[in-house]
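Participant: Fold the following.
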Amino acid sequence: MQPVYLTDDEGNAVVDDENNPVQAGSGYFWLSYYDQSIVNPEVLIFDTVYASPNSVYEFDPDDIGRDQYDLMPANTVTPYEVAEPIKEANIFTADKSKSVFAISYEIAKPNTTVSYEVYLLASDYESPEDGVLVDVGERTYEYGGFYMEYLRGLFQVQEGQSYSVIVTQQTQNGTYSLNAPGGYGQNSIFVTMGIMKQYAKAVVNPGESMLYRAGAWHDWSDENLQNEVYQIDPAEDPFDLELDNFPIKGYSLLKDPDVNVRLADGVKSVLLYVGDDPTTLALELFGDHAADKSIEELAFDWRLVEDGDSLVSLEGVDASGHVTLSGLKAGKTRLVMEMYGIGTLIIPVEVRERPAPAPEPEPEPLTPTDEQDASKPQPQPEPSTSADAQDASKPQPQPAASTKASSTSPKASSATPKTGDALAPWQAIVAACAAAAIAFAAGMLIRRQNP
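Facilitator: Predicted coordinates:
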């Protein structure tokens, strides 16, 4: 197209094809002399018809939702080229339920081949590839610039779900290329010397943009990673280069009517044990217009991903949205439920083995010492002595009849202890003295009787 520039009385220019008359709908647009944003275009929409292999949708451009992170006005797009494969990816989380129909990306060099992958991610995803592959494509572009690619069909992303767009760019020389928009920061020479009146500040939040490099995914929000990739020494960088998110976008339409699907009873994941009774899951609809539909009238499908069939038995599917699962072997997999026109669920499933019951402890074997001790006769109580036997056979002393009787009968209280009684030392001395006194008295009495 060879453009023709016309002006009006208000300082606007119209850009049109010289071979077509300037009239509504002919493909021209007005551009103000005072417009300053055209130097950094982000998204330009020139068509209002979405064409897929199966159908054609017409929509109002105002109804299009755009997912993007690269909002910093870029001064430059510097490609980073290496021989090893690298990939750039953006991950978007839906704040409203939507139907994604297209993606876009930016190319810096001519004759670049772009391969793209789109994933609907699991709720517990760990990388941009951790989910269900929705679409793939490849195309070679003659010139650098912004390009939009329509997907092969709409795919539903429910509120709170995430999807990723992964882009691999390979130049005509066979190297792999990465494009990150760059802007001159507050300490760049252009700002400090007064050449520029404004400066750039990139805001890259964790989890938004990811870089696949050296066989692993890395978070692009890591400034050390950015400096390593572009070989920037912040202390010596005269441009104070700010690197933004990758220029990858997703385009969608808000779902109408608003009907969504989820597992009933708030279930988010499933844990099974080998040999246990089967577990049954149920679906439920929710949203502003959920009451207008029933699960029985909708088409849906359950399936296990990867090697899930070897871990889980999938059975008991019915029209009301129930499915029964049994654990076959320990491991992890994903259960996918796709309800056409409504949404897709990716459910983490883990199968475990029941721990075996602990065995009864065996009695510890006896040591030789223990065996000798066990063979010895146990000690018996010692027999009572004769004195103990006599004491035990004696009647226990009764209480005195009265204090008076005790005081008037001193002989009763000082009787000589009987043979066999155990005496304390002082008692033995007293008894000996008493015996001697009695013998002396008896002797004196005999002398008196026999002078």
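Participant: From now on I want contacts and neighbour counts done on CA atoms only, so please keep to that.
Facilitator: Noted.
Participant: so which strand or helix has Leu272?
Facilitator: Applying DSSP states H and E as the criterion places Leu272 in strand 270-273.
Participant: Each with direction, which strands does that strand pair with?
Facilitator: Strand 270-273 pairs in its sheet with strand 343-352 (parallel), by DSSP bridges.
Participant: Which helix or strand contains Trp302?
Facilitator: Going by DSSP H and E, Trp302 is part of strand 300-304.
Participant: which other residues reach that strand?
Facilitator: Leu314, Thr333, Arg334, Leu335, Val336, Met337, Glu338, Met339, Tyr340 (CA atoms under 8 Å, 6 or more residues apart in numbering).
Participant: From Val229, how far out is the last one?
Facilitator: Pointing back at Tyr340 there. Distance of Tyr340 to Val229, computed by CA to CA, to the nearest Å: 42 Å.
Participant: Who is the residue nearest to Ile103 when sequence neighbours are not counted paired with across the strands?
Facilitator: The shortest distance from Ile103 to any non-neighbouring residue, by CA to CA, 6 or more residues apart in numbering, is to Gly250 (4.4 Å). Applying DSSP bridges to Gly250 gives these bridge partners: Asp67, Ile103.
Participant: my read: Gly250 touches Ser99, true?
Facilitator: No: assessed by CA atoms under 8 Å, Gly250 is found out of contact with Ser99, at 10.3 Å.
Participant: re earlier: give me the PyMOL select line for the contacts of strand 300-304, limited to the buried ones.
Facilitator: Under the burial definition 16 or more other CA atoms under 10 Å, those of the contacts of strand 300-304 that qualify are selected in PyMOL by:
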select buried, resi 314+333+334+335+336+337+338+339
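Participant: In strands, which of the contacts of strand 300-304 fall?
Facilitator: Leu314, Thr333, Arg334, Leu335, Val336, Met337, Glu338, Met339 (DSSP state E).
Participant: now these in TSV, with pLDDT and distance to Ile107?
Facilitator: As requested, those are exported to TSV (pLDDT from 0 to 100; distance: CA to CA, whole Å):
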residue	pLDDT	distance to Ile107
Leu314	92	45
Thr333	93	37
Arg334	92	35
Leu335	94	37
Val336	93	34
Met337	93	36
Glu338	91	34
Met339	92	36
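Participant: Return the member of those nearest to Ile103.
Facilitator: Comparing the ones in strands among the contacts of strand 300-304 against Ile103 with CA to CA places Glu338 closest, at 21.8 Å.
Participant: ok, now which ones touch that closest one?
Facilitator: Taking CA under 8 Å, 6+ apart, we find Glu338 in contact with Phe300, Asp301, Trp302, Thr344, Leu345.
Participant: pretty sure the fourth one is touching Gln156, no?
Facilitator: This points to Thr344. Yes: with contacts counted by CA under 8 Å, Thr344 reaches Gln156, the gap being 6.9 Å.
Participant: Where does pLDDT dip in this protein?
Facilitator: Applying pLDDT under 70 to the chain flags the ranges 1-62, 256, 366-434, 436-451.
Participant: Enumerate every residue touching Pro110.
Facilitator: Counted by CA under 8 Å, 6+ apart, Pro110 has contacts Tyr141, Glu142, Tyr143, Gly144, Thr171.
Participant: Going by neighbour count, which of these are buried?
Facilitator: Among the contacts of Pro110, those scoring as buried are Thr171 (criterion: 16+ other CA under 10 Å).
Participant: would you turn the contacts of Pro110 into a markdown table with distance to Leu71 and secondary structure?
Facilitator: A markdown table is the format used below for these (distance: CA to CA, whole Å; DSSP: H, G, I helix; E, B strand; the rest coil):
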| residue | distance to Leu71 | secondary structure |
| --- | --- | --- |
| Tyr141 | 24 | strand |
| Glu142 | 26 | coil |
| Tyr143 | 23 | coil |
| Gly144 | 20 | coil |
| Thr171 | 26 | coil |
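Participant: Pick out the most distant pair among the ones in strands among the contacts of strand 300-304.
Facilitator: Greatest spatial distance in the ones in strands among the contacts of strand 300-304: Thr333 and Met339, 19.8 Å, computed using CA to CA.
Participant: on that earlier part again, gap between the residue nearest to Ile103 and Ala202?
Facilitator: 20 Å.
Participant: same check, this time on Phe246
Facilitator: Noted for Phe246: a distance of 11 Å to Ala202, by CA to CA.
Participant: who's more crowded, the two?
Facilitator: Neighbour tally, Phe246 and Ala202, criterion other CA atoms under 10 Å: the higher count belongs to Phe246, 25 against 21.
Participant: Is that one in contact with Pro181, as I believe?
Facilitator: Yes: if you go by CA under 8 Å, Phe246 and Pro181 touch, sitting 7.0 Å apart.
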